[in-house]
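> Sequence unavailable; structure follows:
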Ligand SMILES: Cc1cc2nc3c(=O)[nH]c(=O)nc-3n(C[C@H](O)[C@H](O)[C@H](O)COP(=O)(O)OP(=O)(O)OC[C@H]3O[C@@H](n4cnc5c(N)ncnc54)[C@H](O)[C@@H]3O)c2cc1C
């Protein structure tokens, strides 16, 4: 890299910061606090031509052991704020879900209770179209503001122009999601809080807690539950060992910290194969695997 940049971290350990506590290194990770920093960075042709990886809270990402050799971007600073405007909320892509949910509660804004239980960032949510309890981020979004590294420009696209689907959000190549504009619907704080606690309760009872995991491994195929397909396809050995399926929820795995990311990838492929052999259904991964 040509210029010295105090916001550049070389050999950034994804294992240290990811929810799985596993994963290879990012060769060059830039911490971006302001829109201008982004424009200056991608003015450099050498940087623009390299592969791009944006990371949020690494709650749905596993980087293979070989690591990611390219430009990593992690947003902070201006992108960690929530601003209430007359008819929408402007939310930075680096805002944590749990923070946004609590912010909405404090401001008597309803509809964001489900985010209380998701451990990602708003950028990750918009990329994934994250959701739970019959709600998805697309239902709340008005528009996405993003940076296009090829044009070195910021654009805004209305949700009506975008094709979000089940766990497929804004996935345009060579772009960085900067902000989401979100709907505002007012509600009673008491009701909002009750719903947040109810969702949290359901989650505590139905999913593993305080373990290294990535949430659901696979998407649910239409008319099927991934966990049921998995449970009916595998033997007990999948519930034991340093990477194992959760006994509470078979579409979750738990792993020991610093275990090889590639061994997690093999574990997941094995499950996929078992389900394919038994049910003739190819499960599609929800977890993003980067190589
Ligand atoms: C315990 C647990 C429970 C979970 N429960 C749910 C759930 O109920 N529902 C659900 O949908 N998900 C769930 N997840 C998965 C995960 O939290 C979501 O997918 C979340 O939206 C990912 O956000 P993140 O910031 O961690 O993204 P990351 O894992 O950092 O990134 C995910 C993808 O988004 C891209 N990305 C992130 N930020 C940006 C950006 N600013 N611009 C462009 N691309 C970006 C990354 O490149 C990557 O491809 C769960 C995960 C865990 C660990």
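The structure has been received and is ready for your questions. These numbers come from a predicted model, not from an experiment. Numbers count the residues shown, from 1 in each chain.
> Spit out the contact partners of the residue of the stretch 151-291 of the chain found nearest the ligand.
For the stretch 151-291 of the chain, the nearest residue to the ligand under the criterion Cβ to the nearest ligand atom is residue 215, separated by 2.4 Å. In this view, the C-beta of every residue, glycine as well, is placed from N, C-alpha and C. Neighbouring residues of residue 215 by Cβ atoms under 8 Å, 6 or more residues apart in numbering: 59-60, 118-119, 252, 286-287.
> any idea how far it is from residue 130?
9 Å (Cβ to Cβ, to the nearest Å).
> Tell me the residues that contact both of the two, please.
With Cβ under 8 Å, 6+ apart, residue 215 and residue 130 have common neighbours residue 118.
> returning to what we had before: give me the subset of the contacts of residue 215 touching the ligand.
59-60, 118-119 (Cβ under 6 Å from any ligand atom).
> Residue 232: which of the residues you listed is nearest?
If you rank those by distance to residue 232 using Cβ to Cβ, residue 60 comes first, at 25.4 Å.
> contacting residues for that closest one?
Contacts for residue 60 (Cβ under 8 Å, 6+ apart) come out as 19, 120, 124, 128, 214-215, 286-288.
> Looking at these, which one is closest to residue 49?
Taking Cβ to Cβ as the measure, residue 288 is the one of these closest to residue 49, at 22.6 Å.
> I'd like to know the beta-bridge partner residues of that closest one.
Beta-bridge partners for residue 288, by DSSP bridges, are residue 61.
> OK, contacts around the residue lying closest to residue 260 once chain neighbours are set aside?
Using Cβ to Cβ, 6 or more residues apart in numbering and skipping the chain neighbours, the partner closest in space to residue 260 is residue 65 (5.5 Å). Going by Cβ under 8 Å, 6+ apart, residue 65 touches 24, 260-262.
> Ramachandran angles for residue 65?
Phi and psi for residue 65, reported as degrees, to the nearest 10, are phi -60, psi -30.
> Can you check the pLDDT for it?
Model confidence at residue 65, given as pLDDT, is 98.
> how much space is there between it and residue 123?
From residue 65 to residue 123 the distance is 25 Å (Cβ to Cβ).
> Among the contacts of residue 215, which lie within helices?
Using DSSP state H to define helices, no part of the contacts of residue 215 is located there.
> Show me just the buried residues among those residues.
59-60, 118-119, 252, 286-287 (16 or more other Cβ atoms under 10 Å).
> Could you dump those into a markdown table and include pLDDT?
Below are the buried ones among the contacts of residue 215 laid out as a markdown table (pLDDT from 0 to 100):
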| residue | pLDDT |
| --- | --- |
| 59 | 98 |
| 60 | 98 |
| 118 | 97 |
| 119 | 97 |
| 252 | 96 |
| 286 | 97 |
| 287 | 98 |
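> At the contact with the ligand, which residues of this protein appear?
19, 53-61, 75, 93, 118-121, 123-125, 127-128, 130-132, 176-177, 213-215, 288.
> From these, which land in strands?
53-55, 61, 75, 131-132, 176-177, 288 (DSSP state E).
> Any chance of the residues you listed in a markdown table with neighbour count and pLDDT as columns?
As requested, these are exported to a markdown table (neighbours: other Cβ atoms under 10 Å; pLDDT from 0 to 100):
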| residue | neighbour count | pLDDT |
| --- | --- | --- |
| 53 | 21 | 98 |
| 54 | 19 | 98 |
| 55 | 23 | 98 |
| 61 | 23 | 98 |
| 75 | 30 | 98 |
| 131 | 20 | 97 |
| 132 | 16 | 97 |
| 176 | 20 | 98 |
| 177 | 27 | 98 |
| 288 | 16 | 98 |
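> Give me the pLDDT value at residue 5.
So residue 5 comes in at 81 (pLDDT).
> Three-state assignment for it, please.
At residue 5 the chain is in coil, as set by DSSP: H, G, I helix; E, B strand; the rest coil.
> That one and the ligand: what is the separation?
Separation of residue 5 from the ligand (Cβ to the nearest ligand atom, to the nearest Å): 19 Å.
> The residue positioned nearest the centre of the chain: what's it in contact with?
By Cα atoms, centre = their mean, the chain has its centre lying nearest to residue 124, at 3.7 Å. Each residue near residue 124 by Cβ under 8 Å, 6+ apart is listed here: 56-57, 59-60, 130.
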